[in-house]
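Novice: What would the 3D arrangement of this be:
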Amino acid sequence: MTSISNRDYSTLFIPGSNTVYDNEKSRRKQSCWRSWNRLSSLQRSVTCLVLIFGTLFAIYLIPTLFKDFSNLEDIDSLSRKKQVAEEDFAPNEAVKEKNSVLEALHEVQRKAEEKEESERREESLKGEAPLGILVPPAMPDDQPIKFNGPENERQHAVVKAFKHSWVAYKKYAWGHDELKPVSKTFSEWFGVGLTLVDALDTMFIMDLKEEFNDAKGWVESSLNFDVNKDVNLFECTIRILGGLLSAYHLSKEPVFLEKAKDVADRMMPAFTSGSAVPYSDVNLKLRTAHAPRWGPDSSTSEISTIQLEFIDLSRLTGDPKYEEAVNRVTAHLHSLPKKDGLVPIFINANTGRFRNTATITLGARGDSYYEYLLKMWLQSGKRNNMVKDDYLEAVEGMKTHLMRESEPSKFMYFGEKLSGHSFSPKMDHLVCFMGGSLALGAHNGLPKEHLELGKRLTETCWKMYEKMPTGLAPEIVYFNAVPSAAEDIIVKPADAHNLERPETVESLFYLYRITGDKKYQDWGWKIFQSFQKYTRLPEGYSSIGNVRSASNPGIRNKMESFWLAETLKYLYLLLADDQEILPLNQWVFNTEAHPLPVRWS
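Specialist: Prediction:
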């Protein structure tokens with residue numbers, strides 16, 4: 001080492017190195033080093049200990065001082081600190097110290113996430129819109145929705161059919177569940193004025209003020225849920241709770257929200273099973289719940305088709321208990337193993353498990369599970385990606401396991417997987433909802449091919465009407481798979497009845513709204529004319545027993561509540577000139593055709 005002096009500064013040159021150190025720049029470092037060398041051994045040891053404990057103090061205690069993180073960027077920063085901490089600890093360092101630091105970081109992140117979730121809930125109750133929280137759409141909350149009534153001859157005809165049904169109901173079944181139009185009397189199912197409540201929003205949409213006000217008066221004075229009778233959780237939710245909520249959203253009449261809360265509170269005991277799966281039956285008076293009388297299992301569609309209504313009620317009342325109850329059901333269903341997104345049609349409320357030997361179908365007991373996956377995503381303002389992903393997976397499963405083409409005409413349909421995993425070419429009329437759901441999903445950004453699938457399925461459903469002598473579809477059909485056969489559609493005698501179901505006209509409504517193709521209106525009008533010809537009676541309308549016989553269709557003496565709540569409503573909306581009535585980006589229809597608002601920020 002050679003030292004070279006020069007007037008007022010010195011440099012240090014190290015042999016074998018190209019580096020020259022400037023003494024002027026390093027003077028402070030040399031001074032600190034000389035000071036350190038003057039310390040005794042004891043002083044040096046004490047100083048080292050202080051530095052070590054100070055460093056540990058900073059590592060352990062400083063993060064705990066920052067209990068709150070105001071946004072996601074703070075949490076990301078915390079994650080980076082965690083990564084640095086993990087990298088800085090070499091394998092031969094003290095493992096306990098490393099684990100303690102990482103645990104502290106995990107705890108801070110957990111608390112930050114809990115605080116953020118709490119703040120979100122508080123903001124949602126104020127009507128604001130933080131990430132992931134749903135708030136009412138941008139429309140006046142205290143003003144009723146304005147409807148102008150029928151616009152054209154076809155709509156006038158549908159309104160006339162509604163009024164004909166309503167006059168008979170009012171005359172022979174007022175305040176009771178269902179009209180029996182042949183015997184001119186009524187039947188009871190739940191004992192809560194089922195047809196009347198189910199039809200409230202249809203009357204409001206059709207601008208039938210007198211009829212609506214009469215029904216509202218009955219709700220105010222006579223609707224009493226203190227009925228010592230078991231009701232089906234699903235049916236009571238979609239028809240009664242859904243009907244009351246929709247009537248409230250459209251009319252802003254407080255009595256409907258009051259009654260909705262009352263009936264929902266009485267149904268809450270259904271969620272007290274031994275699992276996240278609710279019981280299927282509940283007594284409204286006693287507030288007790290149990291599995292169905294026929295066995296231990298609930299239908300999968302029934303326990304997964306209550307979410308829209310209970311979520312909406314929580315948003316209206318500010319009480320989270322309704323939404324939390326159904327969200328537990330949804331999360332549980334999400335966690336269960338499935339067949340490429342497809343589910344068996346039975347599930348046990350005590351164990352929370354599917355009956356794995358049960359049929360997989362888009363028909364009865366399975367249908368609206370898939371419908372509500374899509375509609376929960378839409379209701380959430382497209383924020384609930386868990387249910388969207390489940391829906392997309394299910395559609396792929398449908399294409400793989402259930403989708404087939406008939407012979408000889410190549411009608412596309414969705415069959416069933418039976419308990420032994422064999423395929424059945426059976427399709428319920430209920431499956432016809434899926435054409436509209438596929439189109440609605442594509443309209444909201446899901447794969448474009450879903451629209452084409454929806455079109456093909458809906459055309460098949462139209463053929464189920466067109467090819468029958470009455471022009472009305474049977475309850476169940478089987479599709480032919482033999483190329484040499486003359487007919488694609490086979491109807492068994494036990495399946496030939498028609499209940500005036502809405503699923504096909506529902507899909508026609510969605511497809512017309514989305515594509516603008518007037519053939520869907522024309523198909524719907526032809527279906528309505530067939531209803532007029534074969535199901536209209538002097539007093540109301542009735543389901544029929546045999547769609548294959550135009551001369552003797554067989555009246556069944558029952559007018560279903562969904563005839564007024566769904567079928568006539570969807571026909572009225574399908575045949576409208578104004579495509580802005582209940583726009584699809586603001587409203588989502590529950591499985592009983594009751595419109596509920598989409599919630600977005």
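Novice: for the stretch 1-150 of the chain, which spans come out with low pLDDT?
Specialist: 1-46, 49-50, 53-141 (pLDDT under 70).
Novice: mind running it again at 50?
Specialist: Applying pLDDT under 50 to the stretch 1-150 of the chain picks out residues 1-30, 61-102, 105-106, 108, 113, 117-118, 120-140.
Novice: Only alpha carbons, please: show stretch 178-186 as PDB.
Specialist: Extracted C-alpha coordinates of stretch 178-186, given in PDB (Å, rounded to 0.1, in the frame of the first residue of the first chain):
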ATOM      1  CA  GLU A 178    -105.600 -20.900  -7.100                       C
ATOM      2  CA  LEU A 179    -108.700 -20.700  -9.200                       C
ATOM      3  CA  LYS A 180    -110.500 -23.900 -10.300                       C
ATOM      4  CA  PRO A 181    -112.200 -22.500 -13.400                       C
ATOM      5  CA  VAL A 182    -114.300 -25.500 -14.400                       C
ATOM      6  CA  SER A 183    -115.900 -26.100 -10.900                       C
ATOM      7  CA  LYS A 184    -115.800 -22.300 -10.300                       C
ATOM      8  CA  THR A 185    -114.200 -22.600  -6.900                       C
ATOM      9  CA  PHE A 186    -110.600 -22.500  -5.500                       C
END
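Novice: and the residue positioned nearest the centre of the chain, helix, strand or coil?
Specialist: Central residue check for the chain by C-alpha atoms, centre = their mean: the C-alpha nearest the mean position is that of residue 376, 1.9 Å away. With DSSP: H, G, I helix; E, B strand; the rest coil as the basis, residue 376 sits in helix.
Novice: For it, give me its contacts.
Specialist: Counting by C-beta atoms under 8 Å, 6 or more residues apart in numbering, residue 376 makes contact with 307-308, 311, 330, 384, 387. For glycine as for every other residue, the C-beta is placed from the backbone atoms N, C-alpha and C.
Novice: Apart from its chain neighbours, what residue comes closest to it?
Specialist: Ranked by C-beta to C-beta, 6 or more residues apart in numbering and with sequence neighbours excluded, the top spatial neighbour of residue 376 is residue 387, at 4.6 Å.
Novice: The nearest residue to residue 582 once chain neighbours are set aside: neighbouring residues, count only.
Specialist: Sequence neighbours aside, residue 595 is the residue nearest to residue 582 in space, at 5.4 Å (criterion: C-beta to C-beta, 6+ apart). Residue 595 is flanked by 22 other residues according to other C-beta atoms under 10 Å.
Novice: Model confidence at residue 595, what's the number?
Specialist: Residue 595 carries a pLDDT score of 98 in this model.
Novice: if we can go back for a sec, give me the distance between the residue nearest to residue 376 and residue 371.
Specialist: 11 Å (C-beta to C-beta, to the nearest Å).
Novice: for residue 190, same thing?
Specialist: Taken as C-beta to C-beta, the span from residue 190 to residue 371 is 23 Å.
Novice: what's near enough to touch residue 265?
Specialist: Contacts of residue 265 (C-beta under 8 Å, 6+ apart): none.
Novice: ok, and for the helix or strand where it lies, which residues are buried?
Specialist: Residue 265 is part of helix 254-267, with elements assigned from DSSP states H and E. Buried residues in helix 254-267, counting neighbours by 16 or more other C-beta atoms under 10 Å, are found at 255-257, 259-267.
Novice: repeat for stretch 405-415
Specialist: So, applying 16+ other C-beta under 10 Å, buried residues of stretch 405-415: 406-407, 411-415.
Novice: what's the most distant pair in those?
Specialist: 407 and 414 (16.3 Å; C-beta to C-beta).
Novice: Strands of the stretch 351-500 of the chain, start to end?
Specialist: 403-405, 412-414, 416-417, 423-424, 426-428, 476-479, 489-490 (DSSP state E, counting those that start in this stretch).
Novice: nearest to residue 439, of the ones you listed?
Specialist: The nearest among the strands of the stretch 351-500 of the chain, by C-beta to C-beta, is strand 412-414 at 13.9 Å.
Novice: Can you give the contact residues for the closest one?
Specialist: 362, 398, 402-406, 425, 427, 431, 434, 453, 456-457, 460, 479.
Novice: go on, stretch 307-319?
Specialist: Contacts for stretch 307-319 (C-beta under 8 Å, 6+ apart): 124-125, 134-136, 237-238, 241-242, 245, 248, 257, 260-261, 264, 320-327, 329-330, 372, 375-376, 379, 588, 590, 596-597, 599.
Novice: Look at residue 52 and say how many residues are nearby.
Specialist: 10.
Novice: Show the contacting residues for it.
Specialist: By C-beta under 8 Å, 6+ apart, residue 52 has no neighbours at all.
Novice: just checking, it is part of a strand?
Specialist: No: counting by three-state DSSP, residue 52 is not part of a strand but helix.
Novice: how close does residue 302 get to residue 348?
Specialist: For residue 302, the distance to residue 348 - C-beta to C-beta - is 13 Å.
Novice: Look at those two and report which has more neighbours.
Specialist: Shown here are residue 302 and residue 348; by other C-beta under 10 Å, residue 302 has more neighbours (22 against 18).
Novice: any idea what the closest residue to that one other than its chain neighbours is structurally, helix, strand or coil?
Specialist: Closest residue to residue 302 apart from its sequence neighbours, by C-beta to C-beta, 6+ apart: residue 234 at 3.6 Å. Look at residue 234: counting by three-state DSSP, its state is helix.
Novice: Counting neighbours, what do you get for residue 234?
Specialist: Residues near residue 234, counting by other C-beta under 10 Å, number 22.
Novice: now it: how far from residue 561?
Specialist: For residue 234, the distance to residue 561 - C-beta to C-beta - is 14 Å.
Novice: try residue 369
Specialist: 22 Å.
Novice: what residues go with each domain of the protein?
Specialist: 1-32, 39-133, 153-596 (automatic domain parsing).
Novice: hang on, the earlier thing: just the buried residues of helix 254-267 now: which is nearest residue 278?
Specialist: Once C-beta to C-beta is applied, the member of those that ends up nearest residue 278 is residue 267, at 8.8 Å.
Novice: Which residues are in contact with that closest one?
Specialist: Residue 267 touches 231, 233, 236-237, 241, 282, 284, counting by C-beta under 8 Å, 6+ apart.
Novice: Before we move on, what's the pLDDT of the residue nearest to residue 445 when sequence neighbours are not counted?
Specialist: Excluding its sequence neighbours, the residue lying closest to residue 445 (C-beta to C-beta, 6+ apart) is residue 382, at 7.6 Å. You'll see residue 382 listed with a pLDDT of 96.
Novice: one step back: got a PyMOL select line for the buried ones in the contacts of stretch 307-319?
Specialist: With 16+ other C-beta under 10 Å as the criterion, this PyMOL line picks the buried residues out of the contacts of stretch 307-319:
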select buried, resi 124+134+135+237+238+241+242+245+248+257+260+261+264+322+323+325+326+327+329+330+372+375+376+379+588+590+596+597+599
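Novice: The contacts of stretch 307-319 in helices, which ones?
Specialist: Of the positions in the contacts of stretch 307-319, 124-125, 242, 245, 248, 257, 260-261, 264, 321-327, 329-330, 372, 375-376, 379 sit in helices, assigned by DSSP state H.
Novice: ok, back up a step: could you dump the strands of the stretch 351-500 of the chain into TSV with distance to residue 508 and mean pLDDT added?
Specialist: Formatted as TSV, the strands of the stretch 351-500 of the chain follow (distance: least, C-beta to C-beta, whole Å; pLDDT from 0 to 100):
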stretch	distance to residue 508	mean pLDDT
strand 403-405	21	98
strand 412-414	16	98
strand 416-417	24	98
strand 423-424	26	97
strand 426-428	17	98
strand 476-479	18	98
strand 489-490	19	98
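Novice: For residue 336, which of those strands is the nearest?
Specialist: Here strand 416-417 is closest among those (C-beta to C-beta), at 16.7 Å.
Novice: And the contacts of that closest one?
Specialist: 339, 342, 359-361, 363, 401-402, 423-424, 426-427.
Novice: One more pass at 6 Å, please.
Specialist: 359-361, 401, 424, 426 (C-beta atoms under 6 Å, 6 or more residues apart in numbering).
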